[in-house]
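[1] Here is my input, please return the structure:
(one chain, ligands or ions: 1)
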Amino acid sequence: MAAEWLLGEVDASIRSAGNYTGEVRAQFWNHTHEPDWVQRSVLVRIGGSDPLLAQEVVIIGAHLDSINVPEGPAQDYSKLKAPGANDNASGAAVLLEALRVLLQNNFIPKRTVEFQWYAAEEEGLRGSTDIANAYYNLGIKVISMVNFDMAAYSEGVRSVGLIENAFTEPTLTGFLRRLIEGYLVFNTTTTIDCPGGRCSDHVSFMDHGFPAASPVEPVINGVRHTEWDNMTIVNVEQLTEFTKLGISYVMEVGKVNAEGSGSSVSQLSLGFTATIIIFSSSHLLSRF
Ligand SMILES: [Zn+2]
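    Below is the predicted model of the structure:
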């Protein structure tokens, strides 16, 4: 039911931004070719206003599923409690809140911007693999993909983790570092690796050569994939910082005011266009 709830929240955000003058559309992505797989992904597309740049897509993503997999022998875990407050309601909430703030502030990008909430990440990046495959096959030019997976746990460390390994794109990761240093109160970064490398949905895009990066909590929590991944480990101040990162990424790469039409991540420029929205959004994360 997570996908249905999310689409309802997205629709409410769009409706409440009554004065929004851009082109925004929300929809399910059905993974219908897999009959045993019922969860849907959720997509929001904000059309680019520039005729040329609108063909380029800026993606911000997060998985919408959660899981509880106990240690020890294999068992049927489908009935176990998997609240997933941090993994990954936190990442899903970063996108929801960024979208709400951007629409309330009449955000109209030059490039097309997509918010994507993926089904079945915990079962092997299935939703994002399906979507990335489709975009590749359709020849869609994905400028960048930034993935939010676990954003709420901190252990008191006021920093933003950045996954840096063979499955993240160094230039885009460097650009996120500049956003963090330029826009956030938590203006330092912590390098995070993840065993095996293929640790979240950004990998699905990297597999097709689309530049992708993945901010993550600065200390990886020990309760993920258990029934104890609940609100008691959520740091709201940190979630706010991650939301500011999401907003600034979407605004800077989506190009609201910046001139030029550099079409690769190496040509991204920091225009500080997100400043006004971030600092005028006194209700940022008001839903928590
Ligand atoms: Zn996750």
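[2] part of a helix, is residue 191?
    No: checked against DSSP: H, G, I helix; E, B strand; the rest coil, residue 191 lies outside a helix; its state is strand.
[3] Just list whatever residues bridge to it.
    Using DSSP bridges, the beta-bridge partners of residue 191 come out as residue 162.
[4] Quick check: phi and psi at the closest residue to the ion within the stretch 151-288 of the chain.
    Distances between the stretch 151-288 of the chain and the ion by Cβ to the ion are smallest at residue 200, namely 5.8 Å. C-beta coordinates here come from the backbone N, C-alpha and C atoms, glycine included. The phi/psi pair for residue 200 (degrees, to the nearest 10) reads phi -160, psi -170.
[5] what's the burial count for it?
    Applying other Cβ atoms under 10 Å, we find 28 other residues in the vicinity of residue 200.
[6] Going by residue numbers, what spans are helices in the stretch 51-200 of the chain?
    Residue ranges of the helices in the stretch 51-200 of the chain, as given by DSSP state H, counting those that start in this stretch, are 91-104, 126-138, 170-183.
[7] now for these, which one comes closest to residue 37?
    In terms of Cβ to Cβ, the element of these nearest to residue 37 is helix 126-138, at 6.8 Å.
[8] about what we covered before: mean pLDDT for the helices of the stretch 51-200 of the chain - can I get that in CSV?
    What follows is the helices of the stretch 51-200 of the chain, written out as CSV (pLDDT from 0 to 100):
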stretch, mean pLDDT
helix 91-104, 92
helix 126-138, 96
helix 170-183, 92
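[9] would you list those helices in CSV and tack on mean neighbour count?
    Shown next, in CSV, are the helices of the stretch 51-200 of the chain (neighbours: other Cβ atoms under 10 Å):
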stretch, mean neighbour count
helix 91-104, 25
helix 126-138, 19
helix 170-183, 19
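[10] I'd like the ones you listed as a markdown table, with distance to the ion appended.
    Output for these, formatted as a markdown table (distance: least, Cβ to the ion, whole Å):
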| stretch | distance to the ion |
| --- | --- |
| helix 91-104 | 7 |
| helix 126-138 | 11 |
| helix 170-183 | 18 |
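[11] would you list these in CSV and tack on distance to residue 10?
    Output for the helices of the stretch 51-200 of the chain, formatted as CSV (distance: least, Cβ to Cβ, whole Å):
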stretch, distance to residue 10
helix 91-104, 7
helix 126-138, 16
helix 170-183, 24
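[12] Test for you: state the pLDDT assigned to the residue of the stretch 151-288 of the chain closest to the ion.
    With respect to pLDDT, residue 200 has a value of 97.
[13] Please, where are all the strands along the stretch 1-150 of the chain?
    24-29, 41-46, 56-63, 112-118, 141-147 (DSSP state E, counting those that start in this stretch).
[14] Nice, that's everything, thank you.
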